[in-house]
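Peer 1: Structural data only, the sequence is not supplied:
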């Protein structure tokens, strides 16, 4: 679906479509492990060499310096072409890179932005902790200043691709005597630093994408603090603003494609009773129509987010609306898929592994803040409702 049109954007769309038609990898992307990371990095490198990495990133750091409208068009055509997910490059492209563009020092930008776009290094996120997942301000991983270094001790969990990443966006508590939202610092952590122990976690999908990371006297240069020491909460909100706002645009478009795929399947598959096709069932038609309408609503919310992005350097709390709707809708779409396809939908592998996508859909309503956390943020920061009881 094209939500914004103009002769200039149409020409840009044609340019995107032509390059993707010639360059999208035909080989199957490995599902996990170093082979998956190498595939993701190689695909990112190909995009960079073709001039398609960082469409809206500054030219000074290897991007094209275009607007968020062109970035949206690129995402639309990317999904339409069936291009691979960013996977282990997601944090670098959608979290760390945009955060550094807004909040990083000149030296930090020069060091990290080009290597992200060239597909040389990937990132992971070190925010969540055991007992402090969505309550980010309750984090306890401690960093003590020792000369020109921070010495970090503690643990992070649900770190996607932590065992495969070169760098990490890490939140640490640098002053435990300050209020909860103070005394936190956003730090660039080299995952190869001595004292880091990474333990992979197998998810219910059967894939090993998550990790728990332990830090034992890990020394990180003070120069790696983004923003100011004890000023990490503001930087973290910038990161989450990107993650909850425009960071999942490509996934949103893929969700729309999934609904279209379901509609096509309903037209082709015979009904369970052998009479007619699945699409002949009025209840099925109603369910599919509802899902399509909800996907269109998501696209409208995204368009509004993009419009705000043209006026604001950092996404606001409104991004929680997009993230909440996407996370809940993703689960509904994939649950509906298994209901519609019946036993056929339980087959693993193939062009579209429905059980895998169903299980993976749950992460979108948890990662980056649960649906409950997002509802609270919407109520308090968008609608101006009274705050709930404070955590102690």
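Peer 2: Done, it's in. All of these numbers come straight from a predicted model, not from anything done at the bench.

Peer 1: and the longest strand for the chain?
Peer 2: When the chain is parsed with DSSP state E, its longest strand is strand 210-221.

Peer 1: list the buried ones in that strand?
Peer 2: Neighbour counts over strand 210-221 (16 or more other CB atoms under 10 Å) mark 210, 211, 212, 213, 214, 215, 218, 220 as buried. (C-beta placed from N, C-alpha, C; glycine too.)

Peer 1: Can you tell me the closest non-neighbouring residue to the first one?
Peer 2: What sits nearest to residue 210 in space, not counting adjacent residues and going by CB to CB, 6 or more residues apart in numbering, is residue 201, at 4.3 Å.

Peer 1: neighbouring contacts of stretch 338-358?
Peer 2: 205-207, 258, 261-262, 265-266, 269, 272, 278, 284, 287-288, 334-335, 337 (CB atoms under 8 Å, 6 or more residues apart in numbering).

Peer 1: Endpoints of it, how far apart?
Peer 2: 8 Å (CA to CA, to the nearest Å).

Peer 1: Just the mean pLDDT for that stretch, thanks.
Peer 2: Average pLDDT, stretch 338-358: 81.

Peer 1: Go ahead and confirm residue 124 touches residue 188.
Peer 2: No - Residue 124 is not in contact with residue 188 according to CB atoms under 8 Å; the separation is 11.7 Å.

Peer 1: Other residues contacting stretch 80-91?
Peer 2: So stretch 80-91 is contacted by 17, 20-21, 24-25, 29, 36-37, 39-41, 43-44, 93-94, 116, 119, 122-125, 160-161, 164-165, 169, 247, 250-251, 253-254, 257 (CB under 8 Å, 6+ apart).

Peer 1: quick one, what contacts the closest residue to residue 190 other than its chain neighbours?
Peer 2: Distance criterion CB to CB, 6+ apart; nearest residue to residue 190, sequence neighbours excluded, is residue 167 at 6.3 Å. Contacts for residue 167 (CB under 8 Å, 6+ apart) come out as 92, 96, 112, 121, 122, 123, 124, 188, 189, 190, 191.

Peer 1: and the closest residue to residue 118 other than its chain neighbours, what helix or strand is that in?
Peer 2: In space, and not counting its chain neighbours, residue 118 is closest to residue 48: 5.0 Å by CB to CB, 6+ apart. Per DSSP states H and E: residue 48 is located in helix 33-49.

Peer 1: Run through the residues that contact the residue nearest to residue 210.
Peer 2: Residues near residue 201 by CB under 8 Å, 6+ apart: 157, 158, 208, 210, 211, 212.

Peer 1: Find residues that contact each of residue 124 and residue 188.
Peer 2: With CB under 8 Å, 6+ apart, residue 124 and residue 188 have common neighbours 167, 168, 169.

Peer 1: okay if I get those as a markdown table plus distance to residue 180 and secondary structure?
Peer 2: Converted to a markdown table, the shared contacts of residue 124 and residue 188 look like this (distance: CB to CB, whole Å; DSSP: H, G, I helix; E, B strand; the rest coil):
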| residue | distance to residue 180 | secondary structure |
| --- | --- | --- |
| 167 | 26 | strand |
| 168 | 22 | strand |
| 169 | 20 | strand |
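
Peer 1: between these, which is nearest residue 326?
Peer 2: Lowest distance from residue 326 to these (CB to CB) belongs to residue 169, with 21.4 Å.

Peer 1: And for the closest one, the neighbour number?
Peer 2: 24 (other CB atoms under 10 Å).

Peer 1: Low-confidence ranges, the stretch 101-250 of the chain, go.
Peer 2: 133-134, 241-248 (pLDDT under 70).
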